[in-house]
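[1] next input, structure requested:
(chains A, B, C and D)
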Number of protein chains: 2
Amino acid sequence: MVLPNRQSKLKKITKIILADDHDVVKHGVEAIIRQNISGPIVIKVASTNELRNQLLAHKDIDLVILDIKMPGGNTVDIVKDIKANHENIKILMYSAHDEPQYAVNFIRNGADGYLSKSQPLEKIALAIKVLENGKRFVDEAFDEDLINRKGEKDLSLSNLLSHREFQILSLLATGKSNIDISEELNLQKSTVSTYKKRIMQKLNIDNNIGLVDAYRTDFKISSN
Amino acid sequence: MVLPNRQSKLKKITKIILADDHDVVKHGVEAIIRQNISGPIVIKVASTNELRNQLLAHKDIDLVILDIKMPGGNTVDIVKDIKANHENIKILMYSAHDEPQYAVNFIRNGADGYLSKSQPLEKIALAIKVLENGKRFVDEAFDEDLINRKGEKDLSLSNLLSHREFQILSLLATGKSNIDISEELNLQKSTVSTYKKRIMQKLNIDNNIGLVDAYRTDFKISSN
DNA sequence: TAAAAATGTAGTTTTATTTCTACTTTTTGT
DNA sequence: ACAAAAAGTAGAAATAAAACTACATTTTTA
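    Residues are numbered from 1 along each chain as shown, chains lettered A, B, ... in the order given. You can find the predicted model right below:
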């Protein structure tokens, strides 16, 4: 996947959706926005469903500030969706996780920024200004290099693994045994083993736990 | 473990430590406190270490508002510690997790209240008032019954499992194999297996993933 | 487009884990 | 204080998983 060019048309950000399941977070963010930006409209939602509804209801959203973990699921997909259907809505991921891999993944899938919740709240205002100028905002902590460097590889697991491998990983992640899986997929046990080994090789992980963690975060995160 | 009597001496809450690794959360909570309580002192910390330091530095803390998940680890232990050493500091757990089991566990280990971050922020003010009156505050959502009912059992894993069992679970949770563990602890492989089986029985879990999830959340949470 | 790499699949062998059983030592309940 | 339950430990047998090897098919790539 090639990183898209972010020098899109500049437009003042005035209508914002704040998506986070925690009321405190929404309060905090809204407060800082109101202090720093003149008269923005802020819509608050607490789930991916609500978010989708609001996106349908309002045609002129400029920015979505999106918690990476929300009830209702896979926020990577939401990011892809939004970018596919409303290309000039900016997306700022706001996350409880500091691992740079997360940031990489979201950015590669279309998010325009990534900010950690542990950062000073004021950075939100900064981030918005940066986005407003058509640039990408990624916390220094995440070493923007990491995101630009390394060619154009998509580091998400579904891309790193073959379909079959990913499928098997997903079954492993639910706690199924090799045998369960071989039956479910009508394969030999040894075949499942081979897949598992290849997955582990590709991800450079050598135990089930790591595999599951990788699956859940959709990343190869060294857990040692 | 028997629930302690919470009708302790009433004292106005004026000095509060806010422990949370997310700046937004601290901002939001501080704001709501300042709006609702006259002139409290609010000390903010972002890790369990800082928390311990501030507890040493200030002798007159009335309340600790504590994120259940913080860098530096096991907050159940912190709760126990605080209650053991400063019996009139109140503790309000503030959590991103809605599972009642969490609440139960913290309350049983000495916390005076449990509030979910997804609840309206204003509830913080309410909770503080309740605590100030010497009562326990638990979100209605968690059905206080659950906490009082069911005898006096401590549902935390370290209590449910024997020392050895817990020790082995903790090693399993790091991804170690039975053999690794048997070597590390100088046991037969079969012994490790036996422990593992007993742990699984006790927790009613039948795969490694569930085991690790249980360990990480310090609870038996059915993951199906 | 030919060669190289990746993918989908298994058989066989080696190794690890589970099961079943059992025995001793602690702990607990009455 | 004594029986019952829980905890700590293993050996042997049964079962499952991992490693190694192998071989068609696709897919990439130089």
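
[2] does any part of stretch A:78-97 sit near chain B?
    Yes: Stretch A:78-97 is in contact with chain B by Cβ under 8 Å from any Cβ of the partner chain, via residue A:96. Any C-beta I mention is one placed from the backbone N, CA and C, and that applies to glycine too.

[3] can you point out the buried residues in that stretch?
    By 16 or more other Cβ atoms under 10 Å in any protein chain shown, the buried positions in stretch A:78-97 come out as A:78-79, A:82-83, A:89-97.

[4] ok, those vs residue A:186, which is closest?
    Set against residue A:186, the nearest of the buried residues of stretch A:78-97 by Cβ to Cβ is residue A:78 (34.0 Å).

[5] burial count for the closest residue to DNA strand D within chain A?
    Among the residues of chain A, residue A:177 lies closest to DNA strand D, at 3.0 Å counting by Cβ to the nearest atom of the strand. Other residues lying near residue A:177 total 15 when counted by other Cβ atoms under 10 Å in any protein chain shown.

[6] and the residue lying closest to it once chain neighbours are set aside, how many neighbours?
    Distances taken as Cβ to Cβ, 6 or more residues apart in numbering or on different chains put residue B:207 closest to residue A:177, at 7.3 Å, once the chain neighbours are dropped. Look at residue B:207: counted by other Cβ under 10 Å, it has 18 neighbours.

[7] and if you look at residue A:11?
    11.

[8] kindly report the same for the one 5 residues further on.
    Around residue A:16 sit 22 other residues, with neighbours defined as other Cβ under 10 Å.

[9] what sits opposite it in the beta ladder?
    Beta-bridge pairing for residue A:16 (DSSP bridges): residue A:42, residue A:63.

[10] how far away is residue A:44 from chain B?
    12 Å (Cβ to the nearest Cβ, to the nearest Å).

[11] without its sequence neighbours, what residue ends up closest to the residue of chain A most remote from its centre?
    Each residue of chain A has a distance to the centre, and by Cα atoms, centre = their mean the biggest one is for residue A:188: 35.3 Å. Residue nearest to residue A:188 in three dimensions, not counting chain neighbours: residue A:182, with 6.1 Å by Cβ to Cβ, 6+ apart.

[12] residues making contact with the helix or strand hosting that neighbour?
    Residue A:182 belongs to helix A:178-185 when assigned by DSSP states H and E. Helix A:178-185 is touched from outside by A:167-168, A:171-172, A:176, A:187-189, A:191-193, A:196, with contacts defined as Cβ atoms under 8 Å, 6 or more residues apart in numbering or on different chains.

[13] take those and, keeping just the buried ones, write it as a PyMOL select command.
    Selecting only the buried entries of the contacts of helix A:178-185 in PyMOL, with 16+ other Cβ under 10 Å as the criterion:
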select buried, chain A and resi 167+168+171+172+176+187+191+192+196
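
[14] just put the contacts of helix A:178-185 in CSV and tack on secondary structure.
    What follows is the contacts of helix A:178-185, written out as CSV (DSSP: H, G, I helix; E, B strand; the rest coil):
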residue, secondary structure
A:167, helix
A:168, helix
A:171, helix
A:172, helix
A:176, coil
A:187, coil
A:188, coil
A:189, helix
A:191, helix
A:192, helix
A:193, helix
A:196, helix
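
[15] closest to residue A:107 among the contacts of helix A:178-185?
    Of the contacts of helix A:178-185, the one sitting nearest to residue A:107 (Cβ to Cβ) turns out to be residue A:167, at 26.3 Å.

[16] show me chain A divided up by domain.
    A:15-148, A:157-217 (automatic domain parsing).

[17] could you pick out the residues of chain A near DNA strand D for me?
    A:177-179, A:189-190, A:193-194, A:196-197, A:208 (Cβ under 7 Å from any atom of the strand).

[18] at 10 Å instead, please
    A:162-163, A:172, A:176-183, A:188-198, A:200-201, A:206-208, A:211 (Cβ under 10 Å from any atom of the strand).

[19] now, which of these lie close to DNA strand C?
    A:162-163, A:177, A:182, A:188-198, A:201, A:207-208.

[20] in stretch A:20-34, which residues are buried?
    Buried, per 16+ other Cβ under 10 Å, within stretch A:20-34: A:20-33.

[21] with just CA atoms, put it into PDB.
    Coordinates of each C-alpha in stretch A:20-34 appear next as PDB, following Å, rounded to 0.1, in the frame of the first residue of the first chain:
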ATOM      1  CA  ASP A  20     -14.800   7.600  22.500                       C
ATOM      2  CA  ASP A  21     -16.600   5.400  24.900                       C
ATOM      3  CA  HIS A  22     -15.300   7.200  27.900                       C
ATOM      4  CA  ASP A  23     -17.200  10.300  29.000                       C
ATOM      5  CA  VAL A  24     -14.200  11.800  30.700                       C
ATOM      6  CA  VAL A  25     -12.200  11.700  27.600                       C
ATOM      7  CA  LYS A  26     -14.900  13.400  25.600                       C
ATOM      8  CA  HIS A  27     -15.200  16.100  28.200                       C
ATOM      9  CA  GLY A  28     -11.500  16.700  28.400                       C
ATOM     10  CA  VAL A  29     -11.100  16.800  24.600                       C
ATOM     11  CA  GLU A  30     -14.100  19.000  24.100                       C
ATOM     12  CA  ALA A  31     -12.900  21.400  26.700                       C
ATOM     13  CA  ILE A  32      -9.500  21.800  25.000                       C
ATOM     14  CA  ILE A  33     -11.000  22.200  21.600                       C
ATOM     15  CA  ARG A  34     -13.400  24.900  22.800                       C
END
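
[22] around chain B, which positions in chain A sit nearby?
    So chain A meets chain B at A:21-25, A:27-29, A:31-32, A:46, A:96, A:117-121, A:173-177, A:206-210, A:212, A:223 (Cβ under 8 Å from any Cβ).

[23] any idea which helix or strand in chain A has the lowest mean pLDDT?
    Using mean pLDDT, DSSP states H and E, helix A:144-148 stands out as the lowest-scoring helix or strand of chain A, at a mean of 52.

[24] and after that helix, which helix or strand comes next?
    helix A:157-160.

[25] quick one: mean pLDDT for that next one?
    Mean pLDDT, helix A:157-160: 74.

[26] check whether it contacts DNA strand C.
    Yes: using Cβ under 10 Å from any atom of the strand, helix A:157-160 reaches DNA strand C at A:159-160.

[27] now do the buried residues in that helix.
    Quick answer for helix A:157-160 (16+ other Cβ under 10 Å): A:157, A:160.
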